[in-house]
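Student: My questions concern the predicted model and sequence given below.
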Amino acid sequence: MGRISNRDGFVMIAVIFALTIMSVLAVAALWVANDDHRASRAMRESGAALFAAEAGVNYVFGHWTDTYAALVAGLQSGDSLAVAKTTLNNRASYAGVIYRVHPTGGQPQYAVTVEGRSVGSSGGRRSIRVVITSTATGGLFKGAVFSQGLLKMGGSGNMSDSYDHRNGPYNAATAGTNGDLFTNGDADLSSSTILKGDITAAGVASIGNPGGVTGTVTQGAPPLPPYPVLDCPTGGYTPASYIPIGGPGGAKSYDPVLGKLIIGSGNNLILSSPPPGGTYYFSYIDAGGGPITINGGQHVNIIIDDKLTVGSGGLVNTGADPTALSVSSCGSPVKPSAWSITGGAGAYFTIYAPNHDVVVGGGGDLWGAVIGGTVSATGGSKFHYDEALGAAGGNGQKWTVLPGSWTQLSL
């Protein structure tokens, strides 16, 4: 009987031990299950935060042209702009910042960092960073001036800077730093010249006032391929029916056989019905004090096979949009004549004349860009590069996410 009682005590101890082990295992199982649940919830909330951050990046990029481009246009390198906090339908939210980066010799770039947050107890957070850049570098006019030969800015008060007409009129106080100059020859900038941008010369760059250059000065750079000379249109010069004469909207005279257009002082030639293709073809334009006005919000091309002379107030176009009017040379004469723009207050257009010497003088301002055989600015003249010209065709900048710039910053 004593041995039986001892066995009964052993069984009771064994049962208690087994129950204890089972309880520990049950608690451990519950703990593991709870950990799995918390881990799953944390992953879900982290995913929600990632999706919120991606939604924020996509929203900023999708609304860049109509919302953010105008806001960031005034940012200088190192400045930032906040992206307002936005709550999504699932109560996750995102907020961020746009930071301007100015690569040497290129168009401005903007680093966009967006943090997404979920609303669960785990408080998931994910941050994404992308770089938004402009494809403007692929356009014809990459800077304020390109000269195949000598580039000279002499006299007192010469300047080159930039702006974007789509963001409002030019304002010297907020002018940009993309007034870049490039020459396949030598560059000579006087001691009073202010350059808000870079200057690159395949030859020697003589800078009278190094402190007046905000960007980089590069000498001995690889030359760019020469810009081709355009072929002249066939079929003769623009018919006289497209050129009004006299009155408040006409030129002084026009000879359609010789292609010689004289606007004359006090006249205002209004081009509102361009010929087929939108291109006017002349041999010579003398806009000595009379403006050309472009109506209808359309782009107009003017091609000249000989000479261009622009006096004060010449070649103005409605809306002050340099992308609306382009003046180009054509043909390859043995002795190409010089193109002269003097006192050009209100001169909003581009010049493409790789086989002509282009002279901007008389203290005038040229809003747009210039490509010339040689280019010189005298008497305090100024170049104001319109950054909208940087896009292919000059029809507006095209923005894209820089390949390889997508980065997940944190978990």
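Tutor: Yes, it's here. Numbers count the residues shown, from 1 in each chain.

Student: I'd like to know how many residues surround V27.
Tutor: If you count neighbours by other CB atoms under 10 Å, V27 ends up with 10. C-beta coordinates here come from the backbone N, C-alpha and C atoms, glycine included.

Student: How about the secondary structure of it?
Tutor: Here V27 takes the helix state, with states given by DSSP: H, G, I helix; E, B strand; the rest coil.

Student: Look up how far Q219 lies from it.
Tutor: In this view, V27 and Q219 are 77 Å apart by CB to CB, to the nearest Å.

Student: Please apply the same query to G155.
Tutor: 23 Å.

Student: Please name the residues that touch the residue lying closest to E45 once chain neighbours are set aside.
Tutor: Distances taken as CB to CB, 6 or more residues apart in numbering put G124 closest to E45, at 3.5 Å, once the chain neighbours are dropped. The contact partners of G124, taken as CB atoms under 8 Å, 6 or more residues apart in numbering, are 42, 44-49, 117-118.

Student: what do you get if the cut-off is 7 Å, keeping everything else the same?
Tutor: G124 is in contact with 42, 45-46, 48-49, 118, counting by CB atoms under 7 Å, 6 or more residues apart in numbering.

Student: ditto for T193
Tutor: By CB under 7 Å, 6+ apart, the neighbours of T193 are 153, 158-159, 208-209, 212.

Student: Can you report phi and psi for it?
Tutor: phi -80, psi 140 (degrees, to the nearest 10).

Student: quick check, nearest of the contacts of G124 to I243?
Tutor: Among the contacts of G124, A49 lies closest to I243 (CB to CB), at 64.3 Å.

Student: looking at this, that closest one is in a helix?
Tutor: Yes - judged by three-state DSSP, A49 forms part of a helix.

Student: Near P239, how many residues? Count them for me, please.
Tutor: Residues lying near P239 (other CB under 10 Å) number 12.

Student: Please enumerate residues in contact with stretch 141-158?
Tutor: By CB under 7 Å, 6+ apart, the surrounding residues in contact with stretch 141-158 are 160, 162, 179-190, 192-193, 197, 226, 350, 354, 369-383, 385, 389-390, 394.

Student: So in the protein, which strand runs the longest?
Tutor: strand 347-361 (DSSP state E).

Student: mind saving the C-alpha coords of it as CSV?
Tutor: C-alpha atoms of strand 347-361 as CSV (Å, rounded to 0.1, in the frame of the first residue of the first chain):
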residue,chain,number,x,y,z
ALA,A,347,13.2,92.6,-78.9
TYR,A,348,11.7,89.2,-78.0
PHE,A,349,12.9,86.6,-80.5
THR,A,350,15.6,84.1,-81.3
ILE,A,351,18.4,84.6,-83.9
TYR,A,352,19.8,81.6,-85.7
ALA,A,353,22.5,82.9,-88.0
PRO,A,354,25.6,80.6,-87.9
ASN,A,355,27.0,82.2,-91.1
HIS,A,356,26.6,85.9,-90.0
ASP,A,357,28.3,88.2,-87.5
VAL,A,358,25.7,89.3,-85.0
VAL,A,359,26.1,92.6,-83.2
VAL,A,360,23.8,93.7,-80.4
GLY,A,361,24.5,97.3,-79.4
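
Student: Who are the packing partners of that strand?
Tutor: The contact analysis (3 or more CB pairs under 7 Å, 6 or more residues apart in numbering; DSSP states H and E) places strand 347-361 against strand 325-329, strand 339-342, strand 365-377.

Student: These: which one's closest to V101?
Tutor: Once the helices and strands packed on strand 347-361 are compared by CB to CB, strand 365-377 is nearest, at 23.3 Å.

Student: Which parts of the closest one count as buried, going by neighbours?
Tutor: Across strand 365-377, burial judged by 16 or more other CB atoms under 10 Å covers 365-377.

Student: For G155 and Q219, indicate the residue with more neighbours.
Tutor: Remark: of G155 and Q219, G155 carries more neighbours, 18 against 15, as counted by other CB under 10 Å.

Student: Next, that one: phi, psi?
Tutor: Dihedral angles (degrees, to the nearest 10) for G155: phi 90, psi -170.

Student: Tell me, how many residues neighbour R100?
Tutor: 18.

Student: ok, now how distant is it from T407?
Tutor: Where T407 is concerned, R100 sits at a distance of 18 Å (CB to CB).

Student: What of A347?
Tutor: According to CB to CB, A347 and T407 sit 44 Å apart.

Student: more crowded one of these two?
Tutor: A347 (29 against 12).

Student: For that one, name its beta-bridge partners.
Tutor: Assessed by DSSP bridges, A347 has beta-bridge partners L366.

Student: A202 touches D186, doesn't it?
Tutor: No - contact between A202 and D186 fails when scored by CB atoms under 7 Å: they sit 8.4 Å apart.

Student: what kind of secondary structure is Y68 in?
Tutor: helix.

Student: tell me the contacts of the residue lying closest to it once chain neighbours are set aside?
Tutor: Spatial nearest neighbour of Y68, chain neighbours left out: V60 (6.2 Å); criterion: CB to CB, 6+ apart. Counting by CB under 7 Å, 6+ apart, V60 makes contact with 68, 83, 112, 114.

Student: Looking at the last one now. What's its pLDDT?
Tutor: Spelled out, it's V114. pLDDT, V114: 91.

Student: element containing it?
Tutor: For V114, the host element (DSSP states H and E) is strand 109-117.

Student: Report the buried residues of that strand.
Tutor: Buried residues in strand 109-117, counted by 16+ other CB under 10 Å: 109-117.

Student: same check, this time on stretch 337-357
Tutor: 337-344, 346-357.

Student: can you list the domain ranges for this structure.
Tutor: What the record gives for the chain is the domain set 1-138+398-411, 140-390, from automatic domain parsing.
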